[in-house]
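A.B. asks: Sequence and predicted structure below; questions after.
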Amino acid sequence: MSRISLILFITGLLVISTNSHKIGDSLNVKVNKISPFSNPTNSYKFYALPLCIPVKAASQTPSFGERLTGNVRIDSVYKIQFGVDVHQSTVCNVELNEKQIKNLRGAIKNNFVFEMFIDDLTVGNALGYQKNDRQFLATHWNFDIYFNKKQGKIIRASVGFDENSHVIEITDGEARKLVYTYSVNWIETEVSTQTIPTGLDSFFVNESHRASYMNGAILSISTLTILFIIIQRAQGGDSSLVESDSSRRESDSSWKTLRPDVLVPPSLINLLSACVGVGIQLTLTVIAVIILGENGMYYFSKGSIVLAGMILYALTSLFAGLVSGSIYRYLGGKYWASNLLLTAVLFAGPVLIITTIISLIAWKNSMSIALPGGVFATILCGWTLGVIPLTGFGAIFGRTKVKDVSNDTPSKPLKDPVNLEYYKSSLYMILLAGLFSFSVLNSELYYVFSAIWKRKIFTSYGSLMIVLVMTINVAAAVSTIFTYFQLNKKDSRWWWKSFFYGGSCGVYVFLYAVYFYIRNTNLSGFVQLLSYFTCSGLIAFAAFLILGAAGFLSSSAFIKHIYERRKVD
């Protein structure tokens, strides 16, 4: 592990404590887990390695969010009192056999790092270091804790070791007796908890954000300008249509002749309506998660962002049912039970299946990321008793507010346009449309993936919100523009294509995940690869649904606008 990476890891764990103390108060010092620095999902319980174990290693009851992410707080042998220095204190004497030494050597070779909690602050470091194929185990830990005496609060904390002392070479693999010690250095500061930056603000605020803003702003303005011109042209054409028969004949070769065809319901209306409904649900969920993150809701509890996402997803199921039911009714759908169920499982189903598979494999390998059975049962009950009923309520309300137009439109099959150049083909247009929105989103993806797979603390929620809004705006505008181009070549099958115009960005998101894996990670092992690519696939699928829904609704509103303004004989 490079020195810079380790510093970023240690610094990235620093957050602010909310507890107040008096001098001499005992602090809660808990241990969490150990994992390779480059493989954060390959995590194990702290005492899986032969480290100092207290006589009674009781675990603190974890929050539901901590259970979701495999974090468990267990008693440690370290005794720390608020404001009281400890120069050097022995915590344990252990005799290790050759097998235990071998396990420690393997952990150091694989750059294993540990995590601890000091008064709810997460700290961590490596177990030792490797130099010239020689392994050195740290036997003395030094805790540096910054505190504001007036407020009685800990500002930040870190744990480390000196490579030049209190380390023992274990390269030979022989059994030996070790003495573990620690020291505590309290550093008083006048800095208040309100003025400390959270996590890696300086790491995330850089030129790439500004470039992303500029790129998104330029694309948003450009696409909206083109869309405005198209709408004005369409409206102008309608005016001339009423006034001149020659104009009428001239316009008969364009999109105006397709008015009956554009209302013909597409195939798979159940799936289409579910995709749009879940896309809106995910959009609302992501926006709510970002707003909570911007207000600092995720820095004091492990797994809180996962728990918040689950709760918000369940609550927004009402809107998924509302949108899906409305569209399904509009397109003449009859099988309401299947529409409700498909909407409820479209995204949650793959998440539950993937989580189950990974948890079973992790459980077999004694990894801490395995979900406990009680947690999985709670999630399943929440989906059954929360997501499905709310989706049903939304669908019932949506179907009563929308008129069924399927009986008012012809049901003739639509023929494919023929003899189109490759650059006018549907696949080419769909992939090209996705590039526009991806060009806005791609710079922010690095920070999102780094937060998930490279132990960074994500703090730029405001930037993510700006980029998300611009990406949705570009996807909606580009989808509408491409739908207009499609109608002008007398292709009235716009329903699914308008969704794909926006949703194709998800393809590029997954390709970016592959690129990020090759260039920016050192993940290895079947469980790690499975976790990475399934998680990346879910992120790409979410992008597909979110931006596809934006493209579909924008195109639908555009088509309704231009055809309602046209005088029909």
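C.D. replies: Arrived safely, thanks for sending. Numbering: from 1, shown residues only.

A.B. asks: I'd say Trp496 and Pro266 touch.
C.D. replies: Yes. Between Trp496 and Pro266 there is a contact under CB atoms under 8 Å: 5.5 Å. The way it works is simple: take the backbone N, C-alpha and C, and place the C-beta from them, glycine included.

A.B. asks: what residues are shared contacts of those two?
C.D. replies: Common neighbours of Trp496 and Pro266, counting by CB atoms under 8 Å, 6 or more residues apart in numbering, are Leu272.

A.B. asks: out of the two, which sits in the more crowded spot?
C.D. replies: Set Trp496 next to Pro266 and count neighbours by other CB atoms under 10 Å: Trp496 wins out with 20 against 15.

A.B. asks: any idea how far Lys153 is from Ile145?
C.D. replies: 11 Å (CB to CB, to the nearest Å).

A.B. asks: who has more neighbours, the two?
C.D. replies: Ile145 (24 against 20).

A.B. asks: and that one, helix, strand or coil?
C.D. replies: strand (DSSP: H, G, I helix; E, B strand; the rest coil).

A.B. asks: Now it. Nearest residue, chain neighbours left out?
C.D. replies: Ala157 (4.5 Å; CB to CB, 6 or more residues apart in numbering).

A.B. asks: show me where the stretch 201-350 of the chain has helices.
C.D. replies: For the stretch 201-350 of the chain, the helices defined by DSSP state H, counting those that start in this stretch occupy 201-204, 207-243, 245-251, 259-262, 269-294, 304-315, 317-330, 336-345, 348-364.

A.B. asks: Relative to Glu95, which of those helices is closest?
C.D. replies: Closest of these to Glu95 is helix 348-364, at 30.9 Å (criterion: CB to CB).

A.B. asks: Need the residues that contact that closest one.
C.D. replies: Residues outside helix 348-364 that contact it (CB under 8 Å, 6+ apart): 313, 368-371, 376, 379-380, 383, 387, 526-527, 530-531, 534-535, 538, 541.

A.B. asks: List only those of the residues you listed flagged as buried.
C.D. replies: The neighbour count (16 or more other CB atoms under 10 Å) marks 313, 368-371, 376, 379, 383, 387, 527, 530-531, 534-535, 538, 541 as buried among these.

A.B. asks: Now go through these and say which are in strands.
C.D. replies: Judged by DSSP state E, the buried ones among the contacts of helix 348-364 include no members of strands.

A.B. asks: Need phi/psi at Asp491.
C.D. replies: Phi and psi for Asp491, reported as degrees, to the nearest 10, are phi -110, psi 110.

A.B. asks: Next, count neighbours for it.
C.D. replies: Here the number of neighbours of Asp491 (other CB under 10 Å) works out to 22.

A.B. asks: any idea how far it is from Lys497?
C.D. replies: Asp491 is 8 Å from Lys497, where distance means CB to CB.

A.B. asks: any shared contact partners between the two?
C.D. replies: Ser426.

A.B. asks: Report the strands that pair with the biggest strand by length in the chain, each with its relative direction.
C.D. replies: The strand spanning the most residues in the chain, taking DSSP E as the definition, is strand 176-188. Strand 176-188 pairs in its sheet with strand 86-96 (antiparallel), strand 140-148 (parallel), by DSSP bridges.

A.B. asks: how about the ones you listed, which one is nearest Phe37?
C.D. replies: Phe37 lies closest to strand 140-148 among the strands paired with strand 176-188, at 17.4 Å (CB to CB).

A.B. asks: hmm, back to that, name the nearest of the buried ones among the contacts of helix 348-364 relative to Asn125.
C.D. replies: Proximity to Asn125 was ranked across those by CB to CB; first place goes to Ser368, at 18.3 Å.

A.B. asks: State the distance from the residue nearest to that closest one when sequence neighbours are not counted to Lys489.
C.D. replies: Closest residue in space to Ser368, ignoring its immediate chain neighbours: Gly70 at 4.0 Å, by CB to CB, 6+ apart. Taking CB to CB as the measure, Gly70 falls 53 Å from Lys489.

A.B. asks: ditto for Gly394
C.D. replies: 37 Å.

A.B. asks: what do you get for Lys497?
C.D. replies: In terms of CB to CB, Lys497 sits 12 Å off from Lys489.

A.B. asks: In helices only, show me the contacts of helix 348-364.
C.D. replies: Tyr313, Phe376, Ile379, Leu380, Phe526, Val527, Leu530, Ser531, Thr534, Cys535, Leu538, Phe541 (DSSP state H).

A.B. asks: thinking again about what came up before, and the longest strand of the chain, which residues are buried?
C.D. replies: Burial within strand 176-188, assessed by neighbour count using 16+ other CB under 10 Å, is assigned to Arg176, Leu178, Tyr180, Thr181, Tyr182, Val184, Trp186.

A.B. asks: list the contacts for the second one?
C.D. replies: To tie it back to what came earlier, the one meant is Leu178. Listed by CB under 8 Å, 6+ apart, the contact set of Leu178 reads Asn93, Val94, Glu95, Leu96, Leu137, Thr139, Ile168.

A.B. asks: No further questions, thank you.
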